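>>> Have a look at this fold, sequence not included:
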């Protein structure tokens, strides 16, 4: 009798589909909805590893009182499922080209939930709601042969790691002044970042509040000319060239930045904006031979075509400046339009049309 240790891993089940969408944020959900509406067989594979979706979205057209980002996601699940898109909780481990199709190997997520999910309160709630709309967890290896692929894999690294962080995101911890600057009116705000982007964020916040300080967030201090530090001082923005030892917070509310200086200086604040370079999730893009820019982001046309026919990309993984939800939704739709057109038979296309121009 074979022991459990000797039991071989089952051979992956192979499925054939019109489109696999990798990533279930705003761009991926938009792509899945629009591909499904074109009556394509669509599988959306999501790890739910980046978004905590706790914050309110105040600048999305049509929601004058704002809408929780989590609600946008839940509505996206419902909408995608309504048109027949399949939702799968899993990890796309590999992607290769096979002629005009793409083979993707999908694996079960590690024990303990989505990678990097942390203890945030949205995790179990999202899991339950996703199941209502047909999402299933991948139970073992599966291989898919897809005629098209849409990568909406996003980025990592918006926020530093500290206890209580996930509860603060979108409540008192931000990164996008265009999304959340209005909520900083008359607040005491700290900016954490060492480069010119951080300095510009500190200056931009002066539109909303006069009480702004900036901390380099690293022992090496700031990476800007002395003249820029002088500009900060001239505009009443205190600059602290050191790391942050502690982000004091409780129940989602930031209270102070404790500096990693000899005196462990404590700066009382109500909100924090972190400005740091993100990292595109581009492992699958590299495997498929997609063109990347010097920062590792996927290079796309204005219609979300990559350099590989049949592969499209949308959302933060493609952009120098991280997107707002409105941009991600638009790009997901554009990617779906391109992928759908790629699937047309020759007679359905105008003579001489280049599929992936």
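Yep, that arrived. For clarity, every value in this text was computed on a predicted model and none was experimentally measured.

>>> Identify the residue nearest the geometric centre of the chain.
Nearest to the mean C-alpha position of the chain, by C-alpha atoms, centre = their mean, lies residue 154 at 3.8 Å.

>>> how far away is that one from residue 259?
The spacing between residue 154 and residue 259, counted by C-beta to C-beta, to the nearest Å, is 31 Å. The C-beta positions use only the backbone N, C-alpha and C, and glycine is treated the same way.

>>> list the contacts for the residue nearest to residue 67 when sequence neighbours are not counted?
Spatial nearest neighbour of residue 67, excluding adjacent residues (C-beta to C-beta, 6 or more residues apart in numbering): residue 57 at 5.4 Å. Counting by C-beta atoms under 8 Å, 6 or more residues apart in numbering, residue 57 touches 63, 66-69, 72, 179, 325.

>>> Show the contacting residues for the nearest residue to residue 331 once chain neighbours are set aside.
Distances taken as C-beta to C-beta, 6+ apart put residue 314 closest to residue 331, at 3.8 Å, once the chain neighbours are dropped. Going by C-beta under 8 Å, 6+ apart, residue 314 touches 27-28, 30-31, 150-152, 300, 304, 328, 331-332, 334-335.

>>> likewise residue 302?
Applying C-beta under 8 Å, 6+ apart to residue 302 gives the contacts residue 334.

>>> Specify the local secondary structure of it.
Of the three states, residue 302 takes coil under DSSP: H, G, I helix; E, B strand; the rest coil.

>>> Just give me the least confident of the contacts of residue 57.
Among these, residue 69 carries the weakest pLDDT, at 86.

>>> Following element in sequence after the lowest-mean-pLDDT helix or strand in the chain, please.
Lowest on mean pLDDT, DSSP states H and E among the helices and strands of the chain sits helix 122-132, with a mean of 67. Using DSSP states H and E, the helix or strand that follows helix 122-132 towards the C-terminus is strand 136-137.

>>> could you show me where the helices are in the stretch 1-150 of the chain, in order?
26-37, 69-82, 122-132 (DSSP state H, counting those that start in this stretch).

>>> Give the buried residues for the longest one.
Spelled out, it's helix 69-82. Of all the residues in helix 69-82, those buried under the rule 16 or more other C-beta atoms under 10 Å are 69-70, 72-74, 76-77, 79-81.

>>> just the residues you listed now: which is nearest residue 40?
Lowest distance from residue 40 to the buried residues of helix 69-82 (C-beta to C-beta) belongs to residue 80, with 12.0 Å.

>>> Quick one: end-to-end distance for stretch 55-65.
Stretch 55-65 stretches 13 Å from its first residue to its last (C-alpha to C-alpha, to the nearest Å).

>>> Buried residues, it. List them.
55-57, 60.

>>> In strands, which of those residues fall?
Counted as lying in strands by DSSP state E, out of the buried residues of stretch 55-65, are 56-57.

>>> Which of the buried residues of stretch 55-65 sits closest to residue 107?
residue 55 (30.2 Å).

>>> neighbours of the residue nearest to the closest one when sequence neighbours are not counted, just the number please.
With sequence-adjacent residues excluded and distances taken as C-beta to C-beta, 6+ apart, residue 55 is closest to residue 170, at 1.9 Å. Around residue 170 there are 22 other residues, counting by other C-beta atoms under 10 Å.

>>> who touches the residue nearest to residue 27 when sequence neighbours are not counted in this structure?
Nearest-residue entry for residue 27: residue 315, 3.1 Å, with adjacent residues in sequence omitted and distances by C-beta to C-beta, 6+ apart. Going by C-beta under 8 Å, 6+ apart, residue 315 touches 23, 25-28, 152-154, 323, 328, 331-332.

>>> run the last query once more with 7 Å
23, 25-27, 152, 154, 323, 328, 331-332 (C-beta atoms under 7 Å, 6 or more residues apart in numbering).

>>> That one and residue 292, how far apart?
Where residue 292 is concerned, residue 315 sits at a distance of 15 Å (C-beta to C-beta).

>>> Please consider this matter closed, and thank you.
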